[in-house]
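>>> Here is the input, now give the coordinates:
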Amino acid sequence: MGIVQMAAVILLLILTVKPLGTYIYHIFSNQDNRTNKLFGPVEKAIYGLAGLKNRTEMTWKTYALSLILTNVVLVMVSYIILRMQNVLPFNPNGTDNMEPSLSFNTVISFMTNTNLQHYSGESGLSYFSQMAVIIMMMFTSAATGIVVAIAFIRGLTSKGNTLGNFFVDFVKAHTRLLIPMSFIVALALVALQVPQTLHPTIQATTLEGESQQIAMGPVASLVSIKHLGTNGGGFFGANSSHPFENPNPLTNVIEMLSMWCIPAALTYTFGRFAKNQKQGWIIFSAMLILFVASLSLIYSSEMRGNPAINALGIDASQGSMEGKEVRFGVAQSALFTTVTTAATTGSVNNMHDTLTPLGGLVPLAQMMLNCVFGGNGVGLVNMLMYAILAVFLSGLMVGRTPEFLGRKIEVREMKLVAIAILAHPLIILVPTAIAFMTDLGKGAISNPGFHGISQVLYEYTSSAANNGSGFEGLRDNTSFWNITTGLVMLFGRYISIIALLGVAGSFVRKQWVPETIGTFRTDNKMFAGILVGTVLMIGALTFLPALVLGPIAEHLTL
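Now for the predicted structure:
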């Protein structure tokens, strides 16, 4: 039954790819369509209020600069709100101002679509902060990732010198995609008993006669966008394992599909822009192959359970249930873990710190690859980056100038791709090593064995991949961890974005190369296999030694 449940969710996802991918194409293709009549007047009013009278198309440098400056302004405003939340409205519980290093970490976390939480949402933030900072940045960070993907796709598939207008794309991502979808999902969650209120904490009396505080708030609205935007930050510290955020298996499926649907649908959008739908399906197939392999490993590992516990004679027929909710079981917990780290969402319905060693290896590996669907927009861009690399390597092997989508791949593009590929392991492994060299880093580890290595490695991997989940045994709310993970999140987000927008800017200026009998095709099964092999090869070369020291060594000791 567990396998049937997982297969059913995967099938539901596949059924959404074409209609949602087509809809996203119509949003950003800048062609007249029926959505213009509905959303056009709203967007025109927004452009008027923002003073966007001149909405000309931008070069890649102007596009990247506009993106970064917009994000900087949002970070500054959000930091001020967190430092002043005690005197701002909608604070019925009297929540105090957030500490400076934690405020820095939080605003960087949510602006980079990471949503790493070194605080507990129900006690660390006021309702105003939850809405004006957290929910607001969940929308804006998701929109940022989506428009980067659209700009990159335009660079690969269109002619000219421009990638579109950032502000137009940014507004459309909100008005036509994220806000309507989050409104629908929020209503569905409210109907399924997820709270949505501005009332203060409920005072309850326990069976023993003691007083208990039950946290409430605008939960459904945050949960909807946290998944649709591949954000992951929970209203409650327990995230989607909390019964108010995720009360039953049906909400569990809705939340998984919500965080998975846009990254998957963007592959179809890519095919529409490329005017060759096979191109999109090949990218989707490569992602799905890696996903199913990861899911198979974690499910089989969790069903076998912990050998040390099994040796005690305890019934292990239900698998390893440590850290999991009974209402979900192993199957929906394993699937949720695989989806949330494949889509770099960071939402959790079980505690990853309690996974078996090989089960814990799966979320680590997916965040290290950072292209198995990935976050909104960024995952597709990363997979297309690997596609360019795969074509380049194939061209070297046969002695032919490599071409992708009718453009030659030359030195400039490969230098920028190399920067994006090498930056990811660098900003994970170097801070991990520094953490083990300092008392400030080692002091946070709750497990001195191989699992302690995994805790630190997971924290920085999650930060660099803009995921946000964690091995929560790590005591990470200190100035050292707040600042170092904050910097890793910044570099992990913007180095690759800038480098890959540069690749798009270079491609869009190139002359088209006519297809010949010798052209290496990128829309067939062979290329899907080459692409999967390239991703695994690069991932193994950069991260396998670190994984051997952590989850693999822990598994062997059991």
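
>>> okay, CA-based contacts and neighbour counts for the rest of this
OK.

>>> quick one: secondary structure of the residue sitting nearest the centre point of the chain?
The centroid of the chain falls nearest to T344 when counting by Cα atoms, centre = their mean (2.7 Å). The three-state label for T344, taken from DSSP: H, G, I helix; E, B strand; the rest coil, comes out as coil.

>>> which ones are touching the residue nearest to it when sequence neighbours are not counted?
Spatial nearest neighbour of T344, excluding adjacent residues (Cα to Cα, 6 or more residues apart in numbering): N467 at 4.3 Å. Taking Cα atoms under 8 Å, 6 or more residues apart in numbering as the criterion, N467 is in contact with 113-116, 231-232, 341, 344-346, 367.

>>> N467 and P249: what is the separation?
Noted for N467: a distance of 23 Å to P249, by Cα to Cα, to the nearest Å.

>>> Most neighbours of all the contacts of N467, which one?
Within these, most neighbours by other Cα atoms under 10 Å means N231, with 38 neighbours.

>>> So it is in contact with M111, correct?
No: in this structure, N231 is not within contact of M111 by Cα atoms under 8 Å, at 9.7 Å.

>>> Now the common contact residues for those two.
Residues touching both N231 and M111 by Cα under 8 Å, 6+ apart: M138.

>>> Skip ahead from the helix or strand of the chain with the lowest mean pLDDT and say which helix or strand is next.
Lowest by mean pLDDT, DSSP states H and E among the helices and strands of the chain is helix 121-124, with a mean of 72. With elements assigned by DSSP states H and E, the helix or strand that comes after helix 121-124 is helix 127-129.

>>> all strands of the stretch 101-250 of the chain, in order?
202-205, 211-214 (DSSP state E, counting those that start in this stretch).

>>> Switch those strands over to CSV; also include mean pLDDT and distance to L558.
Formatted as CSV, these follow (pLDDT from 0 to 100; distance: least, Cα to Cα, whole Å):
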stretch, mean pLDDT, distance to L558
strand 202-205, 87, 44
strand 211-214, 86, 40
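
>>> contacting residues around stretch 264-279?
13, 16-18, 20-22, 24-25, 29, 153-154, 157, 280-281, 283-284, 373, 377, 380, 405, 522-524.

>>> Distance from the chain centre to that stretch, please.
Its chain's C-alpha centre and that of stretch 264-279 lie 20 Å apart, by Cα atoms, centre = their mean, to the nearest Å.

>>> Can I get it in PDB, CA atoms only?
Below are the C-alpha coordinates for stretch 264-279, written out as PDB (Å, rounded to 0.1, in the frame of the first residue of the first chain):
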ATOM      1  CA  ALA A 264       7.900  20.200 -12.600                       C
ATOM      2  CA  ALA A 265       5.600  22.300 -14.800                       C
ATOM      3  CA  LEU A 266       8.500  24.700 -15.700                       C
ATOM      4  CA  THR A 267      10.100  21.800 -17.700                       C
ATOM      5  CA  TYR A 268       7.000  21.800 -20.000                       C
ATOM      6  CA  THR A 269       7.200  25.600 -20.200                       C
ATOM      7  CA  PHE A 270      10.800  25.300 -21.400                       C
ATOM      8  CA  GLY A 271       9.600  22.900 -24.100                       C
ATOM      9  CA  ARG A 272       7.000  25.400 -25.300                       C
ATOM     10  CA  PHE A 273       9.500  28.200 -25.500                       C
ATOM     11  CA  ALA A 274      12.000  25.900 -27.300                       C
ATOM     12  CA  LYS A 275       9.200  25.000 -29.800                       C
ATOM     13  CA  ASN A 276      10.200  21.400 -29.200                       C
ATOM     14  CA  GLN A 277       8.200  19.700 -26.500                       C
ATOM     15  CA  LYS A 278      10.500  16.700 -26.400                       C
ATOM     16  CA  GLN A 279      13.200  19.000 -25.000                       C
END
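
>>> Use 324 as the first number from now on
Fine by me, first position is 324 from now on; the one you just mentioned is stretch 587-602.

>>> Buried residues in that stretch, which are they?
587-597, 600-602 (16 or more other Cα atoms under 10 Å).

>>> of all the residues you listed, which two lie farthest apart?
A587 and A597 (16.4 Å; Cα to Cα).

>>> Tell me how far the lengthiest helix in the chain lies from the chain's centre.
Longest helix in the chain by number of residues, with DSSP state H as the criterion: helix 802-831. Centroid separation between helix 802-831 and its chain, computed with Cα atoms, centre = their mean, is 14 Å.

>>> What is it packed up against?
Helices and strands touching helix 802-831, by 3 or more Cα pairs under 8 Å, 6 or more residues apart in numbering; DSSP states H and E, are helix 383-406, helix 423-434, helix 459-480, helix 701-721, helix 734-760, helix 762-765, helix 773-787.
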